[in-house]
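no sequence on this one, just coordinates:
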């Protein structure tokens with residue numbers, strides 16, 4: 001299949017399986033991510049989140065099933081994937097001797113149509129740190145620099161893997177602001193996180209993955225309605241955390 005333009009969902013996955021020898025990690029995952037939305041993929045450790053995201057990023061082949069990212073199979077178009085997607089890993093390394101602006105400028109050189117430096121700094125709120133050495137940045141500032149590097153090629157789709165793990169509340173809020181800025185730019189974002197308040201705050205839609213299968217998909221409000229959990233006394237819907245725990249805690253054991 002050829003490389004697609006801008007039509008259709010950003011991600012379409014049908015019947016996705018992934019096996020490692022006789023161990024089955026993904027067991028028929030179906031999901032779709034619309035262009036311009038923040039989509040959170042949630043699940044306990046070992047649910048298959050990392051495997052799913054690595055297949056979507058083109059770093060790992062599927063055993064069976066159909067995967068389309070921006071209209072093409074990521075495993076067949078690795079160069080196009082690098083040009084049109086950005087990835088923020090849970091842990092990233094930096095050349096600490098460079099200044100923020102120097103690092104961003106070098107990173108922009110890898111892409112055909114890089115985003116202007118001033119826009120990158122504004123989106124992640126690092127304008128004042130442009131001449132600061134990377135080694136002198138705080139943990140939260142380095143995480144926002146991760147975001148800027150992922151945006152350097154002006155990607156259509158961005159993968160965020162546990163973007164605020166280990167952050168203090170203020171740093172988390174600054175990163176949330178950066179993610180909301182990305183949404184305002186019309187970027188499609190796939191977010192994995194263990195912080196359910198983070199998913200509830202940022203995500204337009206959520207998929208809960210457990211035992212290699214999608215247990216539920218929808219907006220946080222839709223999942224609350226579907227859960228059957230009663231509203232609180234103040235007549236508000238159950239939280240996404242309650243829905244998540246009900247779905248994961250009630251999942252039946254699945255054997256290979």
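Everything's here; your move. What you see is a predicted model; the values in this text were computed from it and never measured.

wait, a helix at residue 25?
No. Going by DSSP: H, G, I helix; E, B strand; the rest coil, the assignment for residue 25 is strand, not a helix.

separation between residue 64 and residue 18?
For residue 64, the distance to residue 18 (CB to CB, to the nearest Å) stands at 8 Å. C-beta here means a position set from N, CA and C on the backbone, and glycine is covered the same way.

neighbour-wise, which of the two wins?
Using other CB atoms under 10 Å as the criterion, residue 64 and residue 18 rank with residue 18 on top: 22 against 11.

averaging pLDDT per element, find the lowest-scoring helix or strand in this protein.
helix 240-249 (a mean of 80; mean pLDDT, DSSP states H and E).

and that helix, what's buried?
240, 242-244, 246-248 (16 or more other CB atoms under 10 Å).

before we move on, what about stretch 218-228?
Buried residues in stretch 218-228, counted by 16+ other CB under 10 Å: 220, 223-224, 227.

now, which of the residues you listed sits nearest residue 135?
residue 220 (38.9 Å; CB to CB).

quick check, pLDDT for the closest one.
pLDDT for residue 220: 92.

which stretches of the stretch 1-150 of the chain have low pLDDT?
Scanning the stretch 1-150 of the chain with the threshold set as pLDDT under 70 gives 1-7, 90-92.

residue contacts, residue 34?
By CB atoms under 8 Å, 6 or more residues apart in numbering, the residues touching residue 34 are 9-10, 188, 205.

which stretches of the stretch 151-256 of the chain form helices?
According to DSSP state H, counting those that start in this stretch, the stretch 151-256 of the chain carries its helices in the segments 169-184, 196-202, 220-227, 240-249.

that older thread, mind putting the buried residues of stretch 218-228 into CSV with distance to residue 124?
Output for the buried residues of stretch 218-228, formatted as CSV (distance: CB to CB, whole Å):
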residue, distance to residue 124
220, 26
223, 30
224, 32
227, 35
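
what is the burial count for residue 148?
So residue 148, with other CB under 10 Å, has 26 neighbours.
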